[in-house]
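[1] One predicted model, sequence on top.
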Amino acid sequence: MLELPASFILLSGGVGSIAGALLFGTLADKHGRKPMLISATALCAVSAGALTLVPEGNWVIFSLLRIFVGAGLGGVGSIQLVILSELTPSTLRVKLLGWPLIFPSVGTMIAAFTTASLIAALGLLPLFLCLPFALLMPESPRWLIVHGRPEQARRSIALLAGVPVDAVPAHSEAIPQQTSASLRELYRRPGRFWLTVIAWLTISTVGYGVYLWGPTITSLLLNVSVGTAAKYFVGISVAGLLGRALFSVLPAMIGRVWSGRLLGFAIAVTLGAAALLHDAFVGPLPWFVVMLALGAIFYDGGYCTLAPYATEVFPTRLAARGSGLAQSANGLGKIIGPLCLALIAGSNDLVSAKATEAAIQPAFLFLAACGAMLGLAFARLLFAHSLIAAAMAAKQLADSDRRFVRNCPLPHVESVKGMRCNVCHGTPKQIGQSPWHAAKPRPPSAT
């Protein structure tokens, strides 16, 4: 049985992020990106600052505050990339949206060198951003247009472009106001729903599993203290930071789907090698640590591919809810990753993980399987994209046939090789070898 206080403190942040991502995502689609981003930021900052006031040993209050911190973080995570996506020109979106996700890794590295009380106090700093957000940040023009507010959208565009409102052209067509969708509508396209859930759940399970249990297992393998083993993870965190930079650039070259396939299968290979060769060394360095560092390029860097993708596959009126779905799966991974590794290792403490060498191989093969599942999800998506492209090509071909047929007064039936239309003289080859355009044979003339 899990040790309740320590385990609940650890899991409470994930529970809060699940609820907060869905709640703030829903409210952002209904009431706007800007007010909900400010509200989530304030909730996270106030709750984090309040942690410094909790009496020592009162784990119940501490856990409740961590739930609110997680809810605020989940809300910020579900909205920030949505509004950035909607404020960024489409020509720059793929190139720019991954870069903001580098800063959480920098913050994690800074936190590793500070005390717990200082970290909580620093959590108050985002509160000072709320006033500049309220005064300077425009609302998303896309959200305003979808909700039937074209004039406010013009003012937002003018503020972003630094031009007078009169310089922004007005919409010439009436824009019907879109009704707010429920969470159930996220499942209207099950493939899109499950890709989002599987991608975020698997990469989060891997990332949090490695970063929580990695120092303990490294300590066990090298027979050093956990503090000494944690120094290896500074290098692994640097590798993750480089990975985030890589996957901020790579999608602009090969696309997000191919990037998703690459990071999923690379996670499977690197963590599989770490599991199978955990007792080997590459010179003075343990193979296990080397593979974790290589894997961090993908299981940490991959967030820069997945986070923008979640905002792009859902329409504007569902974008915040879709991003909230992704962050909820992320929060679930924070729980499942450490919990599954604890069950595999036979440990009852998720914080001070106690593992045996016999548990290393099955635990990291489990994480490698999560990576393979992520790669297969994107491979299936690529196959689906191919089918859709083929169907669209067939439809375009059929449409061209219909346009061609409408220009000819004669009836057209299935073609026979060598036949020509008696009026327009078109042949199957001339119209893309379509089987639908040919002349109906003329009836024999009466003699």
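    Everything's here; your move.

[2] So which bits of stretch 230-237 are buried?
    If you call a residue buried by 16 or more other C-beta atoms under 10 Å, then stretch 230-237 has these buried ones: 230, 232, 233, 236, 237. C-beta coordinates here come from the backbone N, C-alpha and C atoms, glycine included.

[3] Downstream of the host helix or strand of residue 260, the next helix or strand is which one?
    Using DSSP states H and E, residue 260 falls within helix 256-276. Using DSSP H and E, the helix or strand that follows helix 256-276 in sequence is strand 281-282.

[4] And the strands in this protein, which stretches?
    281-282, 285-286 (DSSP state E).

[5] Of those, which stretch is the most buried?
    strand 285-286 (a mean of 16; mean count of other C-beta atoms under 10 Å).

[6] Report how many residues lie close to residue 60.
    12 (other C-beta atoms under 10 Å).

[7] Give the full set of residues in contact with residue 327.
    17, 20, 21, 25, 74, 77, 78, 200 (C-beta atoms under 8 Å, 6 or more residues apart in numbering).

[8] Excluding chain neighbours, give the residue nearest to the fourth one in space.
    Yep, that's residue 25 we're talking about. residue 324 (2.3 Å; C-beta to C-beta, 6 or more residues apart in numbering).

[9] how far out from the middle of the chain is the helix holding residue 260?
    Chain-centre distance of helix 256-276: 16 Å, with C-alpha atoms, centre = their mean, to the nearest Å.

[10] Same list, the contacts of residue 327, but as a markdown table with distance to residue 132, pLDDT and neighbour count please.
    Shown next, in a markdown table, are the contacts of residue 327 (distance: C-beta to C-beta, whole Å; pLDDT from 0 to 100; neighbours: other C-beta atoms under 10 Å):
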| residue | distance to residue 132 | pLDDT | neighbour count |
| --- | --- | --- | --- |
| 17 | 25 | 89 | 28 |
| 20 | 22 | 91 | 29 |
| 21 | 24 | 91 | 31 |
| 25 | 23 | 90 | 31 |
| 74 | 22 | 89 | 30 |
| 77 | 20 | 87 | 27 |
| 78 | 21 | 87 | 35 |
| 200 | 30 | 93 | 25 |
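
[11] Now for those residues: which two are most distant?
    Spatially, the most separated pair among the contacts of residue 327 is 20 and 200, at 14.9 Å (C-beta to C-beta).

[12] Reformat the buried residues of stretch 230-237 as a markdown table; add pLDDT and distance to residue 66.
    Listed next are the buried residues of stretch 230-237 as a markdown table, based on pLDDT from 0 to 100; distance: C-beta to C-beta, whole Å:
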| residue | pLDDT | distance to residue 66 |
| --- | --- | --- |
| 230 | 75 | 22 |
| 232 | 81 | 27 |
| 233 | 82 | 22 |
| 236 | 87 | 25 |
| 237 | 85 | 22 |
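
[13] ok, of the residues you listed, which one's closest to residue 287?
    residue 232 (12.5 Å).

[14] Touching, residue 124 and residue 47? I think so.
    No - using C-beta atoms under 8 Å, residue 124 makes no contact with residue 47, being 9.9 Å away.

[15] of these two, who's got more company?
    residue 47 (23 against 17).

[16] residue contacts, that one?
    With the criterion set at C-beta under 8 Å, 6+ apart, residue 47 makes contact with 65, 66, 68, 69, 72, 123.
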